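Asks: Predicted model follows, preceded by the sequence.
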Amino acid sequence: MVPCGSGPFFGLLWLWLGLVMDLPGTRDDDRLIPMLLKSYLLVAPISFYQDPDGVVWLDPLWQRDLIAHFDYISDICVIAPRVSAEQPPKDWVPVRAPVGRVIAFHEFGEANSGWSGILAKLPSDIRTAWSMVGQADLVHSGIAGWPIPPGMLFNPIAVLRRKPLILVVESAFWRVQDRSSATFRAKVRAALTEAFAKWSLRQASFAVFTSTAYRESLPVGPSGTAMVLPASWIAATDVLSGAAASLAWNNKPSAPRFLMASRLSAEKGVGLFIEAVKIIDAQGVPLTIDVIGDGPLGAQIVDVAANTRSVRLRLLQPVPYGPQFLKLLGGYHAAIVPTTGDEQPRIIYDALSQAVPIIATDTPGNREVLADGRSGWLVRGGSADALAKALIERAEHCDELPQKGLSGLTVAHEYTHETMHRRRATAMLDLFGAKPKTTTG
């Protein structure tokens with residue numbers, strides 16, 4: 001087995017490649033964009049907490065995304081479920097609008113409330129939705145959620161009140177991947193949600209899809225505008241410089257180590273991953289793989305780890321998303337993304353930002369960002385044999401991994417959180433905002 005990124009020759013090579021990767025033209029565009037001077041109603045399925053002093057607290061990622069909207073929207077009203085508790089959930093952060101911006105939060109249901117609570121409040125929720133939509137210039141809503149998606153009320157009301165409807169499709173988690181094992185309830189939920197999603201997208205003035213596959217399966221109507229824009233959470237400052245990435249590669253151990261970071265559930269492809277590990281172990285191939293995450297299949301990971309012989313498999317405790325997680329990720333030689341559905345896992349962008357190549361299944365969401373052989377490899381979807389073969393090959397030819405990882409930095413700069421919002425803002429300004437006047441002469 002060829003050592004991965006060790007020795008003076010490899011150190012000089014990776015440093016040279018790192019300097020090449022730092023050529024100008026790959027950074028985010030820092031030019032200011034015009035402000036959308038519209039009242040913006042953001043219907044969010046993500047909960048908020050409001051303390052006795054009126055300060056609103058949010059999950060850190062949700063807070064960061066919300067604040068990014070203020071780069072191009074001046075007046076935002078958020079309507080979302082409220083958390084009832086004496087204190088904000090652990091690690092949540094307060095949110096305050098930047099100077100010159102306006103934000104307001106309105107409760108729409110209570111987080112984790114059951115059917116009885118939802119039905120009891122339905123008449124008042126309908127009145128709230130009608131009033132809030134009427135006060136807005138633009139309505140940003142959704143299509144999914146259970147038991148009742150907020151969009152089930154807001155989308156038809158936006159259409160009735162002739163307000164432009166903006167929809168963002170980041171996943172289609174309701175879709176049944178394996179109908180043979182799905183329950184009747186799951187099939188009914190999938191059918192109802194799919195029908196509502198298609199109706200909503202046909203009414204949308206503007207729809208953003210994270211993959212071409214979503215745009216094709218959930219098309220907008222004749223008067224709507226569609227945009228494919230992958231959703232990323234990495235900041236420009238998270239992306240390693242080429243020199244830093246090269247140094248990181250030079251400091252990695254010679255024996256390859258792979259990481260699978262995911263929620264440990266069937267829809268994330270964890271079952272497929274487990275079968276691939278068993279195949280590798282049956283062949284007696286030595287390989288080190290760490291798994292990080294939690295979920296219902298965590299016990300199976302632990303059980304497999306206790307019974308493998310050649311594969312060293314460990315389940316790590318989750319770490320907070322952010323610098324701590326990225327530092328952990330950067331210590332590995334490749335990231336494994338075994339998804340079986342059409343979603344686009346966040347780990348793809350995280351790995352790209354740390355110059356860690358990706359071994360992923362060839363699914364619509366993964367294919368939207370990854371090009372086979374550029375910053376990683378795509379393997380046949382749904383095939384444990386194909387995934388096992390790819391992992392073995394990458395371990396045996398691990399001298400190829402550093403170059404693929406460094407190539408991913410360019411892709412990472414194309415898909416930062418800032419870039420995502422900037423592109424969305426440009427499209428929204430073209431559709432709903434006055435274009436800046438140009439001067440002649």
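Replies: Thanks, I have the structure now. Not measured: the values here are computed from a predicted model.

Asks: what's the neighbour count on Pro402?
Replies: Other residues within reach of Pro402, judged by other Cβ atoms under 10 Å, total 26. Heads up, the C-betas are built off the backbone N, CA and C, glycines and all.

Asks: How about Gln354?
Replies: Residues contacting Gln354 under the criterion other Cβ under 10 Å number 27.

Asks: what helices or strands is the helix or strand where Leu391 lies leaning on?
Replies: Leu391 belongs to helix 384-396 when assigned by DSSP states H and E. For helix 384-396, the helices and strands in contact under the criterion 3 or more Cβ pairs under 8 Å, 6 or more residues apart in numbering; DSSP states H and E are strand 257-261, helix 270-282, strand 287-292, strand 334-337, strand 358-361, strand 376-379.

Asks: rerun that using 6 Å as the cut-off
Replies: For helix 384-396, the packing partners by 3 or more Cβ pairs under 6 Å, 6 or more residues apart in numbering; DSSP states H and E come out as helix 270-282, strand 376-379.

Asks: List the contacts of stretch 274-294.
Replies: Stretch 274-294 is contacted from outside by 257-264, 301, 304, 308, 310-316, 318, 384, 387-388, 392, 395, using Cβ atoms under 6 Å, 6 or more residues apart in numbering.

Asks: center of the chain - which residue?
Replies: Centre of the chain computed as the mean C-alpha position; nearest residue by Cα atoms, centre = their mean is Arg346, 3.9 Å away.

Asks: Report the contact partners of that residue.
Replies: Per Cβ under 6 Å, 6+ apart, neighbours of Arg346: Trp233.

Asks: Can you tell me how far it is from His69?
Replies: Distance, Arg346 to His69, by Cβ to Cβ, to the nearest Å: 19 Å.

Asks: just Gln300 next, same as before
Replies: Taking Cβ to Cβ, one finds Gln300 at 40 Å from His69.

Asks: out of these two, which sits in the busier spot?
Replies: Neighbour count, other Cβ under 10 Å: between Gln300 and His69, His69 has more, with 20 against 14.

Asks: picking up where we left off before, please name whichever of the helices and strands packed on helix 384-396 is nearest to Met152.
Replies: helix 270-282 (30.8 Å; Cβ to Cβ).

Asks: Now do that closest one, average pLDDT.
Replies: Helix 270-282 shows a mean pLDDT of 97.

Asks: now it, how far from the chain's geometric center?
Replies: Here helix 270-282 is found 25 Å from its chain centre; the criterion is Cα atoms, centre = their mean, to the nearest Å.

Asks: likewise stretch 326-337?
Replies: Put simply, stretch 326-337 sits 17 Å off its chain's centre (Cα atoms, centre = their mean).

Asks: Output it as CSV, nothing but the C-alphas.
Replies: Extracted as CSV, the C-alpha positions of stretch 326-337 are listed here (Å, rounded to 0.1, in the frame of the first residue of the first chain):
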residue,chain,number,x,y,z
LEU,A,326,-14.3,20.5,10.6
LYS,A,327,-11.1,20.0,12.5
LEU,A,328,-12.1,16.4,13.1
LEU,A,329,-13.1,15.8,9.5
GLY,A,330,-9.8,17.3,8.2
GLY,A,331,-7.8,14.5,9.8
TYR,A,332,-9.3,11.8,7.5
HIS,A,333,-8.2,10.7,4.1
ALA,A,334,-11.7,10.5,2.6
ALA,A,335,-15.4,10.9,3.5
ILE,A,336,-18.0,8.2,2.8
VAL,A,337,-21.4,9.4,1.7
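
Asks: Trp62 falls within a helix, correct?
Replies: Yes: using DSSP: H, G, I helix; E, B strand; the rest coil, the assignment for Trp62 is a helix.

Asks: How many residues are close by the closest residue to it other than its chain neighbours?
Replies: Nearest non-adjacent residue to Trp62, counting by Cβ to Cβ, 6 or more residues apart in numbering: Ile46, 5.0 Å away. For Ile46, the neighbour count with other Cβ under 10 Å is 15.

Asks: Ile46 in helix, strand or coil?
Replies: Classification of Ile46 by three-state DSSP places it in coil.

Asks: tell me the pLDDT at it?
Replies: pLDDT recorded at Ile46 is 87.

Asks: List the contacts of the closest residue to Asp238 other than its chain neighbours.
Replies: Leaving aside its sequence neighbours, Asp238 sits nearest to Ser353 (Cβ to Cβ, 6+ apart; 4.9 Å). Contact analysis of Ser353 by Cβ under 6 Å, 6+ apart lists 234, 238-239, 412.

Asks: hmm, back to that, could you identify which of the helices and strands packed on helix 384-396 is most buried?
Replies: Stretch with highest mean neighbour count among those: strand 376-379 (a mean of 24; mean count of other Cβ atoms under 10 Å).

Asks: Name every strand pairing with that one and say which way it goes.
Replies: Based on DSSP bridges, the pairing partners of strand 376-379 within the sheet are strand 358-361 (parallel).

Asks: what does the partner strand rub up against?
Replies: The contact list for strand 358-361 (Cβ under 6 Å, 6+ apart) reads 334-339, 351, 366, 370, 376-379, 381, 390, 394.

Asks: I'd like the next helix or strand past it.
Replies: Once strand 358-361 ends, the next helix or strand along the chain (criterion: DSSP H and E) is helix 364-369.

Asks: give me the element Pro296 is part of.
Replies: Here Pro296 is assigned to no helix or strand, by DSSP H and E.

Asks: distance of it from Val270?
Replies: 9 Å.

Asks: For stretch 411-429, list every residue counted as buried.
Replies: For stretch 411-429, a neighbour-count test (16 or more other Cβ atoms under 10 Å) marks 411-413, 415-422, 424-425, 427-429 as buried.

Asks: Tell me how this structure divides into domains.
Replies: Annotated domains of the chain cover 8-22+241-415, 36-233 [automatic domain parsing].

Asks: Of those domains, flag the one that's most buried.
Replies: domain 8-22+241-415 (a mean of 20).

Asks: which residues of the protein score low on pLDDT?
Replies: Within the chain, the segments meeting pLDDT under 70 span 1-32, 111-118, 146-147, 434-441.

Asks: that older thread, mind checking which of the contacts of Ser353 are buried?
Replies: 234, 238-239, 412.

Asks: biggest separation within those, which pair?
Replies: Using Cβ to Cβ, those span at most 8.2 Å, a distance reached by Asp238 and Ala412.

Asks: which outside residues touch stretch 425-432?
Replies: Identification of contacts with stretch 425-432 by Cβ under 6 Å, 6+ apart yields 33-34, 36, 72, 206, 227.

Asks: now swap in stretch 381-397 and tell me
Replies: 256, 272, 275-276, 279-280, 285, 287, 334, 340, 359, 361-363, 377, 379-380.

Asks: contacting residues for Leu378?
Replies: Contacts of Leu378 by Cβ under 6 Å, 6+ apart are 360, 362, 372.
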